[in-house]
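S.K.: 3D model of this:
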Amino acid sequence: MTNDELPISLSASDVAGPIRMRRNRRHDWSRRLVQENRLSVNDLIWPIFVRDGDNQSEAIASMPGVFRYSVDQAVKQVQRAARLGIPAVALFPYTDPALRDETGSEALNSNNLICKACRAVKAVVQDVGIITDVALDPYTSHGHDGLLEGDEIVNDASVEMLVRQALNQAAAGADVIAPSDMMDGRVGAIRHGLDQNGYQHVQIMAYSAKYASAFYGPFRDAVGSSGTLKGDKRTYQMDPANSDEALREAELDIAEGADMLMVKPGMPYLDIARRLKDTFQMPTYAYQVSGEFAMIEAAAANGWIDREKAILESLLAFKRAGCDGILTYFAAEVAELIGQ
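M.R.: Predicted coordinates for the structure are as follows:
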């Protein structure tokens, strides 16, 4: 049979051969070439807990490997972050119960733990951003994020207090104010307060979609609010059943002046992160919260999962969902792994 006599009724699949997706997965080099999402040290924000005292590091039982640090030791941890190339840390206080009251007045103390830590860090480390949490729960005797009148968390009076807290932190050197309280209108009020007082450069990372989640327990141990919390936070934090509501919250925060958006918790709410990123194209972050951290640690301690692989896979999931960065207690360890 000559070439002219070859059959010409070949289908496209006959010519191309079977589609084999595994070809691109065959070698390490080819997997790296086609990888769609990558995790880098630039994606990491490291939450650090601060306590009183000197030269102190106190283990948190429900968060293996995580500590509350006295200010001097917290500075050393931020120096470590700088060496590892971590862009920012988020500071959270463990407030002495004797300093807690109904109004969270310690939040306005210019020499409280967070303010002392901000000043101490800025005196030594200039190239790591400091993110400070704006909410009253570490300071109130009732453990809520706002002011309590009877059985109600009142909104507008709480916002006034939160603005004062934000200004206190900005004066101490905070680079990013992160309102996590979920009061209505607080982003706009804080932005106005910062601008009116000469802090136009201070950024706002809004916890736009913060859910009333069961995954916060170890964090509340870490900041000392688990034993003080009266009731729950469902009247101001979001219902885990809702997704469209998160878009409305984020849209309001953007209109009020938010520079960045936050989803909390993280992995159970990857769909929310994806929706926010696709809808608004804003810098979007997620918080891999204490309960997520504790689950990985507990499963690894029991030999049920490969700890290192699970950590990296969980963080890569945030990137796949569209997040520009992740708050994670694994930040320092992961930065070292990436560096290796």
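
S.K.: Just give the nearest non-adjacent residue to Leu148, would you?
M.R.: Of all residues not flanking Leu148 in the chain, His142 sits nearest, at 5.1 Å (Cβ to Cβ, 6 or more residues apart in numbering). Backbone N, C-alpha and C define where each C-beta goes, glycine included.

S.K.: I'd say that neighbour and Gly227 touch.
M.R.: No - here His142 lies out of contact with Gly227, judged by Cβ atoms under 8 Å, at a distance of 11.2 Å.

S.K.: Between these two, point out the one with more neighbours.
M.R.: Legend: neighbour count by other Cβ atoms under 10 Å for His142 and Gly227, higher for His142 (19 against 9).

S.K.: who's in contact with the more buried one?
M.R.: Residues near His142 by Cβ atoms under 8 Å, 6 or more residues apart in numbering: 102, 148, 228-230.

S.K.: and if you look at Asp156?
M.R.: Each residue near Asp156 by Cβ under 8 Å, 6+ apart is listed here: Gly185.

S.K.: Surely it is in a strand?
M.R.: No - checked against DSSP: H, G, I helix; E, B strand; the rest coil, Asp156 lies outside a strand; its state is helix.

S.K.: what's the pLDDT at it?
M.R.: On pLDDT, Asp156 comes in at 98.

S.K.: Give the buried residues for whatever helix or strand Ile153 lives in.
M.R.: Using DSSP states H and E, Ile153 sits in strand 152-154. By 16 or more other Cβ atoms under 10 Å, the buried positions in strand 152-154 come out as Ile153.

S.K.: And it, what does it pack against?
M.R.: strand 147-149 (3 or more Cβ pairs under 8 Å, 6 or more residues apart in numbering; DSSP states H and E).

S.K.: Can you classify the residue nearest to Leu148 by secondary structure?
M.R.: Going by three-state DSSP: His142 is coil.

S.K.: same thing with Tyr69?
M.R.: strand.

S.K.: Give me the neighbour count for the closest residue to it other than its chain neighbours.
M.R.: Spatial nearest neighbour of Tyr69, excluding adjacent residues (Cβ to Cβ, 6+ apart): Ser57 at 5.4 Å. Counted by other Cβ under 10 Å, the residues lying close to Ser57 total 14.

S.K.: these two touch, right, Ser57 and Val66?
M.R.: No - the criterion here is Cβ under 8 Å, and Ser57 misses it with Val66 at 10.2 Å.

S.K.: Ile311 reaches Ile296, doesn't it?
M.R.: Yes - using Cβ under 8 Å, Ile311 is in contact with Ile296, at 6.3 Å.

S.K.: quick one, what contacts Gly129?
M.R.: Going by Cβ under 8 Å, 6+ apart, Gly129 touches 87-89, 175-176.

S.K.: Sheet partners, orientation included, of the strand holding Ile153?
M.R.: Next to strand 152-154 in the sheet, as set by DSSP bridges, lie strand 147-149 (antiparallel).

S.K.: Centre of the chain to the partner strand, how far?
M.R.: Centre-to-centre, strand 147-149 and its host chain are 26 Å apart (Cα atoms, centre = their mean, to the nearest Å).

S.K.: can you pull the buried residues of it?
M.R.: 147-148.

S.K.: Equivalent analysis for stretch 231-245, please.
M.R.: Under the neighbour-count criterion of 16+ other Cβ under 10 Å, stretch 231-245 has 233, 236-238 buried.

S.K.: now the end-to-end length of that stretch.
M.R.: One end of stretch 231-245 to the other measures 23 Å (Cα to Cα, to the nearest Å).

S.K.: circling back to that earlier point, if you rank the contacts of Gly129 by neighbours, which is first?
M.R.: Compared across the contacts of Gly129, Val89 has the highest neighbour count, 27 neighbours, by other Cβ under 10 Å.

S.K.: Please put the alpha-carbon coordinates of the helix or strand hosting it into PDB.
M.R.: Assigned by DSSP H and E, Val89 falls within strand 88-93. These are the backbone C-alpha positions of strand 88-93, laid out as PDB (Å, rounded to 0.1, in the frame of the first residue of the first chain):
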ATOM      1  CA  ALA A  88       4.900  40.400  59.600                       C
ATOM      2  CA  VAL A  89       3.900  39.200  63.000                       C
ATOM      3  CA  ALA A  90       0.500  39.500  64.800                       C
ATOM      4  CA  LEU A  91       0.700  40.300  68.500                       C
ATOM      5  CA  PHE A  92      -1.900  39.100  71.100                       C
ATOM      6  CA  PRO A  93      -1.800  39.700  74.800                       C
END
